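Undergrad: Here's my sequence, what's the structure:
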Amino acid sequence: MLQRMTLLFPLWMILAGTLALSSPEWLLSLNQGPVVVLILAFVMLCMGLTLTFDDFRRIARMPSVVAMGFAAQYSIMPLLAWGIATGLDLPVHFAVGLILVGCCPGGTASNLVSYIAKADVALSVVMTVCSTLAAVILTPLLTQLFAGALVPVDTWMLFKQTLQVVILPVVLGILLNRWVPQFVQRVMPVAPLLSVLGVCVICAVVFAANAETILTHGGALILAVALLHGGGFLIGYQLARILGCQIQSARTISIEVGMQNSGLAIVLAKQAFPLLPLAPVVGAISVLMHSLVGSSLAVLWRARSSRR
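TA: Predicted coordinates for the structure are as follows:
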């Protein structure tokens, strides 16, 4: 039952977005203070609970594929985001938000989507871990590189925020899994669903706080975000196949490249770019978009695998 509810992630996102846009007053109070930051930290803690030190040992058993996926993650998406923002001549606040999404690590839902798609779940977990841990360095540096010409980028603030809301909760989750495994086993069945609901709340808060802007500029934002994630899925898969990856590994790399940790992009936009209050909107739309595209692609791939 809990797994089925988790698999309905895109549906919960649509419902949360609809509620936020139709009745934003219910959620505006959550946009104050550290609420959104704490929710994302909790989501990352839940991710950490699913990891063990054995997951890191897997890197040694698949170094070339992991390295390929890692390089694709942090090259394709930042370049695509910058190119789309420039090509569509997006306003600065939306351009910075899109670049932030592109510079973030793989999304926490990618492991679930890889499972649905009958891709390589072990590879997905390893790639998510690697990109997440590297985000503390690469996300600030890449954001500075691609968005620095648009606005001043506080690299140190991005570093601190990534460390606080991503690295520390993930490491705590891994340690809890090591120190109190019985407790972790009790909470694990509900942890994925809580993570999904946490991301939905974050996006709903951003939608509610910027409802008028989304309704006014939604078309351009949806186009930009669709091009970013659609391009990530497509280029990630094709590049992996060209470089000799098997279909299962190529699907995994495609999912990891196409699905970003947009919740992190929302928090970083709110914390590091306070003069660009509309920048987090892109991250919220990104969560909805990559969930819908990723889930649809996973169902298609699963159906193709079942025919073989």
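Undergrad: what ranges do the helices span in the stretch 201-308 of the chain?
TA: 211-242, 247-258, 262-272, 279-307 (DSSP state H, counting those that start in this stretch).
Undergrad: Lowest average confidence across the ones you listed, which one?
TA: For the helices of the stretch 201-308 of the chain, mean pLDDT drops lowest on helix 279-307, to a mean of 84.
Undergrad: tell me which residues in that helix are buried?
TA: 279-295, 297-298, 301 (16 or more other C-beta atoms under 10 Å). For every residue, glycine as well, the C-beta is placed using N, CA and C.
Undergrad: got the contact list for the nearest residue to M259 once chain neighbours are set aside?
TA: Spatially, and ignoring its direct neighbours in sequence, M259 is nearest to G107 (3.9 Å; C-beta to C-beta, 6 or more residues apart in numbering). By C-beta atoms under 8 Å, 6 or more residues apart in numbering, the contact set of G107 is T128, M259, Q260, N261, S262, H290.
Undergrad: How about the first one: what's its closest non-neighbour residue?
TA: Among residues not flanking T128 along the chain, G106 sits closest, at 4.7 Å (C-beta to C-beta, 6+ apart).
Undergrad: ditto for L15
TA: L15 sits nearest to C200 (C-beta to C-beta, 6+ apart), 8.0 Å away.
Undergrad: what about the helix or strand containing the one you found, distance to the chain center?
TA: Taking DSSP states H and E as the criterion, C200 maps to helix 191-209. Per C-alpha atoms, centre = their mean, to the nearest Å, the displacement of helix 191-209 from the mean C-alpha position of its chain is 12 Å.
Undergrad: what's the answer for stretch 165-174, then?
TA: Mean-position distance between stretch 165-174 and its chain equals 16 Å (C-alpha atoms, centre = their mean).
Undergrad: residues in contact with it?
TA: By C-beta under 8 Å, 6+ apart, stretch 165-174 touches 37, 40-42, 44-53, 105, 132-133, 135-136, 261, 264, 267.
Undergrad: Any of those buried? List them.
TA: Buried among those by 16+ other C-beta under 10 Å: 37, 40-42, 44-51, 105, 132-133, 135-136, 261, 264, 267.
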